[in-house]
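>>> Fold the following, please.
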Amino acid sequence: MLATIASEWTKLWSVRSTWWCLIGAAALMALYSVPLGFDAAEPNPDLSHADQLLHVEEVATAGLLFTQFALIALALLTVTSEYASGSMRTTLQCEPRRGRVLVAKLVVVEVVALVAGALLALLGAGLGYLTAGDYGVFDVSSVATVAGKVSVYMGVVVALAIGLAVGLRSTAGALVVAFLALFLLPMVLMMSGMDLMTDVSYYLPGTAGTEYLGIGIATLFGLSDGLPYDADGGLGLLAGWSVVTLLAGYLVFRRRDA
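Alright, predicted model coming up:
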């Protein structure tokens, strides 16, 4: 098992796509947090000083709505790039136990996602604070709490991405499904105004994940009172989606040829 993990770790860091995904994630967080900080630094005569304060931990979580897809792409490519190049056959010749290969890929990606998630949260909060000037509020305890939540969230989300990758074997296809499930579909269903569609949206991974982060999609539409779970329940629901997706992906991985 350790040898398989070491092999996957070497493969991950020996390709340029890993570095580009991480750089892209940092750039996306910066592109979100810096303008938000500068906007908060502009005095607004219609608001009191307290109302203009920017609590920078909120910058980190809000920026993650878009930044997460760079790390999701990284997770997908650990699987789909091998199918695209045909190197998956070599991987399975070296380690024919497919469950072990899947676990090794998951462990490697989880380590990267957990660390990168926390660092991205700190980056967003730091840039927001530096650019907000006198209106920035950097509470160490709050920022640390958010960094931990973002780290856990990204760890669960990349597990979902790995399941999609082994099941669909297509980077574009898996990325589209992840975007729909985590961002677009919950919003579309809530915007429909239909009770049934709204109820369905509550149980999608995007709704559950953002509820855990404290920036719930349901809150944006004024529907948070209808949610049948709290933040911890949202994390549990998101984790359930990841487990089911991983199991489905594993079944496909075992049944299909490389």
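
>>> Helices of the chain, start to end?
2-13, 16-41, 49-52, 56-85, 87-94, 98-132, 140-168, 171-179, 185-191, 195-202, 205-213, 217-220, 231-255 (DSSP state H).

>>> Quick one: those as TSV, columns for mean neighbour count too.
For the C-beta atoms, the positions are set from N, CA and C on the backbone; glycine is no exception. Shown next, in TSV, are these (neighbours: other CB atoms under 10 Å):
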stretch	mean neighbour count
helix 2-13	15
helix 16-41	17
helix 49-52	10
helix 56-85	23
helix 87-94	14
helix 98-132	21
helix 140-168	22
helix 171-179	18
helix 185-191	19
helix 195-202	15
helix 205-213	26
helix 217-220	18
helix 231-255	17
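
>>> Dump those to TSV, plus mean pLDDT.
Output for those, formatted as TSV (pLDDT from 0 to 100):
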stretch	mean pLDDT
helix 2-13	94
helix 16-41	93
helix 49-52	67
helix 56-85	92
helix 87-94	91
helix 98-132	95
helix 140-168	96
helix 171-179	95
helix 185-191	89
helix 195-202	89
helix 205-213	92
helix 217-220	76
helix 231-255	95
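
>>> In space, what's closest to the most centrally placed residue in the chain - neighbours in sequence excluded?
Geometric centre of the chain, nearest residue: residue 68, 3.8 Å, by CA atoms, centre = their mean. Distances taken as CB to CB, 6 or more residues apart in numbering place residue 157 nearest to residue 68, at 6.2 Å, with adjacent residues excluded.

>>> The one you found reaches residue 70, doesn't it?
No - using CB atoms under 8 Å, residue 157 is not in contact with residue 70; the gap is 11.7 Å.

>>> Using PDB, list the CA coordinates for stretch 134-142.
Only the C-alpha atoms of stretch 134-142 are listed here, as PDB (Å, rounded to 0.1, in the frame of the first residue of the first chain):
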ATOM      1  CA  ASP A 134      -8.900  50.400   8.200                       C
ATOM      2  CA  TYR A 135     -12.100  48.500   7.400                       C
ATOM      3  CA  GLY A 136     -10.500  45.100   7.600                       C
ATOM      4  CA  VAL A 137     -11.100  42.900  10.600                       C
ATOM      5  CA  PHE A 138      -8.700  39.900  11.000                       C
ATOM      6  CA  ASP A 139      -9.800  37.800  14.000                       C
ATOM      7  CA  VAL A 140      -7.200  35.000  14.400                       C
ATOM      8  CA  SER A 141      -9.600  32.600  16.000                       C
ATOM      9  CA  SER A 142     -12.300  33.200  13.300                       C
END
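
>>> contacting residues around that stretch?
Contacts with stretch 134-142, where a contact means CB atoms under 8 Å, 6 or more residues apart in numbering, come from 37, 40-41, 49, 52-57, 125-126, 128-130.

>>> what two of the residues you listed are the furthest from one another?
Farthest-apart pair in the contacts of stretch 134-142 is 49 and 126; separation 22.1 Å (CB to CB).

>>> Alright, I will stop here.
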